[in-house]
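Student: The following block contains a protein sequence and its predicted model.
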Protein chains: 2
Amino acid sequence: MQPINIGLMGVGTVGGGTATVLKRNAEEISRRAGREIRLFMAANRELERAREVVGPDVPVVDDAMQIVNHPDVDIVVELIGGDTIAKELVLKAIENGKHVVTANKKLLAVHGNEIFARAQEKGVMVAFEAAVAGGIPIIKALREGLSANRIEWIAGIINGTSNFILTEMRDKGSSFADVLAEAQRLGYAEADPTFDIEGHDAGHKLTIMASIAFGIPMQFDKCYLEGISQLDGRDIKYAEELGYRVKLLGLTRRTDAGIELRVHPTLIPEDRLIANVNGVMNAVMAKGDAIGPTLYYGAGAGALPTASAVVADIVDVARLLTADPEHRVPHLAFQPDRLQDTPILPIDEIHSSYYLRIAAADRTGVLAEITRLLADNGISIEALIQKGADADGSAEVVILTHRVQEKQVNRAIASIEALDSVAGKVVRLRMEELNG
Amino acid sequence: MQPINIGLMGVGTVGGGTATVLKRNAEEISRRAGREIRLFMAANRELERAREVVGPDVPVVDDAMQIVNHPDVDIVVELIGGDTIAKELVLKAIENGKHVVTANKKLLAVHGNEIFARAQEKGVMVAFEAAVAGGIPIIKALREGLSANRIEWIAGIINGTSNFILTEMRDKGSSFADVLAEAQRLGYAEADPTFDIEGHDAGHKLTIMASIAFGIPMQFDKCYLEGISQLDGRDIKYAEELGYRVKLLGLTRRTDAGIELRVHPTLIPEDRLIANVNGVMNAVMAKGDAIGPTLYYGAGAGALPTASAVVADIVDVARLLTADPEHRVPHLAFQPDRLQDTPILPIDEIHSSYYLRIAAADRTGVLAEITRLLADNGISIEALIQKGADADGSAEVVILTHRVQEKQVNRAIASIEALDSVAGKVVRLRMEELNG
């Protein structure tokens, strides 16, 4: 059979890893795919750097449009990132009838509906395993592996930078700021870390997973984002005393009222496997009605792990190049005409358990006032610990609640904060059992 | 599009679960598959029981050959088990040009080469996700998700009965016999538990995974099997003191000399995720050269979890019914003409670290004799603990070794057992780091 010609757009970290894997494992890959998969052409702004990576046999251009318009390119691999030039290139590739493999989570979470609609019209595939959790084959698991299930929820540690920071904060008792500086020094965090630590990156990935799990359009604008930059080391410590770990979790759940779609620091019981996923590693739990809870773990970023997913997508696309579009796995797991417009719930309508930390005056009756306000708002208490009084006569009360709607907790917190005996804001973290 | 007609052979636990999932999630499944998947006919020895499960609309026969020979059946689902009647039915179905979905690990591990060769000739698919680790989509992950990788090793907790027993032995400090009795009472172990506790079941599953990971034929007869029935609770306790958990692990590894293929109780460092997979749950680790270590976790048995995999296979096969055979994922992940005959290593040629427990006289010089014999055989020691002397003047010495070839350890053990100061047999368990 003819070799498959790959046009590689973007020869940075992941692009370089993709070139490496295609070359190093060429024999293994062709034993699987039944045909040669060949790096045919590469595009990169910096020509020299790209030439060093892809070697002398692969032509390198500085205008990626040349790849998109080249008649002999079978599959366009978009590893440029962002949603300006990358979007233009992907849409043009689709228009030209080319299949696309991309690792670009932002592009899909924000413009996916448009891109998949165009791909559907033109009968081409857009594959995106590398866009979520690096090399872990989670898109394949959700779209194909769990296709018998009504998926109930997905919860993932899907941002390595944040997980590294949280792991270090716990292990070393360091502050967020100190660990962030260390992560930047080690190359685990960008100079501007906002995208990672404020939950945007996790939100893009979660949006994509929710779409294929529930058969809904991509709706990143409705995804609730709360990062870890405001997290106080004390709360990690108190959580641990209560038997919990704090993780930045992307969580999406189907409920009768609609779909919860949210990224935030979350307390998880320490005996769950996912609570023990540390450092830069990623893990995704998916609960299906037939299979029950499952977990998928591995490297969520990095040159070779992400390239592993890019090349797996290339092999998948290569296998189906000449097959009828109707026999392919639908882009969003469900047939395009069978997507549903189930509403995404605003954050104050979600249900969760909560961790509350309250700075209260250390005097008789304060606890009674606080617990009465919780009870008045229909909130029952699972655990309560009081930490010793400070020199200034204030104590800290830590409360774990049972499941309740978020707006009720917010109402209770407003009342608690209004008490004379309570100082400052109440710290509120969400808590998930993840046990079924 | 036409509905897909399923012929279900065997309406026991998994067959019943399959009928349930197909019915309960019919809407969800057709939204994904783009066509209706219909239980067309069922076969079961006990007609009444099958009728209760599949309902009045599905014809039930007591001779499964009627399904295999029915012109309107598109996909035959074999859930009878064993390798006599099931083999005959599967081969006949293939001869009749029907696609097959099976959960039958023994059939594939023992007769897979013949079955896949016939399927290849006839251009039909034989799908078997449910044969390994229940609902966990591990076959899909290995065959497709990791297709870019040179897979280096796979290690799995793939027998729920054994894992339940080991978990209970550790948690409660009970003996193997007591826990086995409890497992039988709870329905987690069969009346004759040999198949599970002596590693046969895990060996079948491991054989299948090794085949698709490395592109080698199925060779169950070369799989080393050692179960948990001889395991002493003391060794679980000592292992724990040293920071390890004991798991029945199926392990296959590619080395320069050949492929290791072995099932045995194994010490694993307690901070590995897989060391914390407890009860009847399953987990498989796979290490690829690009992606690094990955882990897949979920229910490895049970009606609905296994049905989840059966139905996922049905959806996969339904999608590719009319596609060219050459575009499908090869049965054994690699193209049939690209399989390799890499040798499977005999057990005494594998490399591992070891846990040794030695009953030695509690007197000066014994430790020196033992450690000298280890050194003479090229074995270096990672840790050594001596447990207090018994009333009879004997003590127990527990040693963890560094990596070494098994035959060297066996030689050293023979010399140690020959010492006057050593009583009885040396207990030897294998130990794996599973960290890369």
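Tutor: It's in. All values reported here derive from a predicted model rather than from experimental measurement.
Student: Give the residue spans of chain A that score low on pLDDT.
Tutor: A:389-391, A:436 (pLDDT under 70).
Student: Would you map out the domains in it?
Tutor: Recorded structural domains for chain A (assignment: automatic domain parsing) are A:4-135+A:303-338, A:138-299, A:350-431.
Student: what's the span of the shortest one, first residue to last?
Tutor: So that's domain A:350-431. Start-to-end span of domain A:350-431 (C-alpha to C-alpha, to the nearest Å) is 12 Å.
Student: what distance separates it from the centre of its chain?
Tutor: 31 Å (C-alpha atoms, centre = their mean, to the nearest Å).
Student: just to revisit the earlier point, export the domains of chain A to TSV and append columns for mean neighbour count.
Tutor: Where you see a C-beta, it was placed from the backbone N, CA and C, and this is true even at glycine. As requested, the domains of chain A are exported to TSV (neighbours: other C-beta atoms under 10 Å in any protein chain shown):
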stretch	mean neighbour count
domain A:4-135+A:303-338	21
domain A:138-299	22
domain A:350-431	17
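Student: Turn those domains into CSV, columns for distance to residue B:190.
Tutor: Listed next are these as CSV, based on distance: least, C-beta to C-beta, whole Å:
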stretch, distance to residue B:190
domain A:4-135+A:303-338, 37
domain A:138-299, 22
domain A:350-431, 39
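Student: Out of those, which gets nearest to residue B:59?
Tutor: Closest approach to residue B:59 among the domains of chain A is made by domain A:138-299 (23.0 Å; C-beta to C-beta).
Student: Spell out which parts of the stretch 151-300 of chain A neighbour chain B.
Tutor: The stretch 151-300 of chain A comes close to chain B at residues A:215, A:271, A:273, A:276-277, A:283, A:288-299, as judged by C-beta under 8 Å from any C-beta of the partner chain.
Student: Among those residues, which are located in helices?
Tutor: Counted as lying in helices by DSSP state H, out of these, is not a single one.
Student: Is residue A:93 part of a helix or strand, or is it coil?
Tutor: helix (DSSP: H, G, I helix; E, B strand; the rest coil).
Student: need the contact list for the residue lying farthest from the centre of chain A.
Tutor: The outermost residue of chain A, judged against the average C-alpha position, is residue A:364 (45.5 Å), by C-alpha atoms, centre = their mean. When contacts are counted by C-beta atoms under 8 Å, 6 or more residues apart in numbering or on different chains, residue A:364 is found next to no other residue.
Student: Please identify the helix or strand for it.
Tutor: Under the assignment given by DSSP states H and E, residue A:364 is not contained in any helix or strand.
Student: cool, residue A:423 as well?
Tutor: When secondary structure is defined using DSSP H and E, the element that contains residue A:423 is strand A:422-431.
Student: So what touches that strand?
Tutor: When contacts are defined by C-beta under 8 Å, 6+ apart, strand A:422-431 is touched by residues A:232, A:235, A:239, A:244, A:246, A:264-268, A:352-361, A:366, A:370, A:394, A:400, A:409, A:413, A:416-417.
Student: Which members of the residues you listed occur in strands, if any?
Tutor: Among the contacts of strand A:422-431, DSSP state E puts A:244, A:246, A:264-268, A:352-361, A:394, A:400 in strands.
Student: Contacts (any at all) between chain B and stretch A:131-148?
Tutor: Yes - contact of stretch A:131-148 with chain B is found when judged by C-beta under 8 Å from any C-beta, involving A:134-137, A:140-141, A:144-148.
Student: how long is that stretch from one end to the other?
Tutor: Between the opening and closing residues of stretch A:131-148 there is a gap of 24 Å (C-alpha to C-alpha).
Student: for chain B, what are the nearby residues on the stretch 1-150 of chain A?
Tutor: A:1, A:17, A:21, A:24-25, A:28-34, A:129, A:134-137, A:140-141, A:144-150.
Student: now do 7 Å
Tutor: The interface of the stretch 1-150 of chain A toward chain B, taken as C-beta under 7 Å from any C-beta of the partner chain, is made up of A:21, A:25, A:28-29, A:31-32, A:34, A:135-137, A:140-141, A:144-150.
Student: With the stretch 301-436 of chain A instead?
Tutor: Along the stretch 301-436 of chain A, the residues adjacent to chain B under the rule C-beta under 7 Å from any C-beta are A:304-305, A:307-308, A:311-312, A:315-316, A:319-320, A:322-323, A:326-327, A:329, A:333-335, A:338.
Student: Would you mind naming the helix or strand containing residue A:31?
Tutor: Secondary structure assignment for residue A:31, by DSSP H and E: helix A:26-33.
Student: Pull the number of nearby residues for the nearest residue to residue A:216 once chain neighbours are set aside.
Tutor: Spatially, and ignoring its direct neighbours in sequence, residue A:216 is nearest to residue A:342 (5.5 Å; C-beta to C-beta, 6 or more residues apart in numbering or on different chains). For residue A:342, the neighbour count with other C-beta atoms under 10 Å in any protein chain shown is 16.
Student: From chain B, how far out is residue A:423?
Tutor: When distance is defined by C-beta to the nearest C-beta, to the nearest Å, residue A:423 is 40 Å away from chain B.
Student: So what sits opposite that residue in the bridge?
Tutor: residue A:359 (DSSP bridges).
Student: now it: how far from residue A:374?
Tutor: Residue A:423 sits at a distance of 18 Å from residue A:374 (criterion: C-beta to C-beta, to the nearest Å).
Student: now the strands for the stretch 201-350 of chain A?
Tutor: A:224-225, A:244-254, A:259-269, A:281-288, A:292-299 (DSSP state E, counting those that start in this stretch).
Student: Relative to residue B:201, which of the ones you listed is closest?
Tutor: Checking those against residue B:201 by C-beta to C-beta gives strand A:292-299 as the closest, at 20.1 Å.
Student: Send over the closest one as PDB, restricted to the C-alpha atoms.
Tutor: In PDB, the C-alpha atoms belonging to strand A:292-299 read as follows (Å, rounded to 0.1, in the frame of the first residue of the first chain):
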ATOM      1  CA  GLY A 292     -19.000   1.500  37.300                       C
ATOM      2  CA  PRO A 293     -16.000   3.600  38.100                       C
ATOM      3  CA  THR A 294     -12.800   3.400  35.900                       C
ATOM      4  CA  LEU A 295      -9.600   5.300  36.000                       C
ATOM      5  CA  TYR A 296      -6.900   6.100  33.400                       C
ATOM      6  CA  TYR A 297      -3.500   7.300  34.500                       C
ATOM      7  CA  GLY A 298      -0.300   8.500  32.800                       C
ATOM      8  CA  ALA A 299       1.800  11.400  31.700                       C
END
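Student: Appreciated, that's everything.
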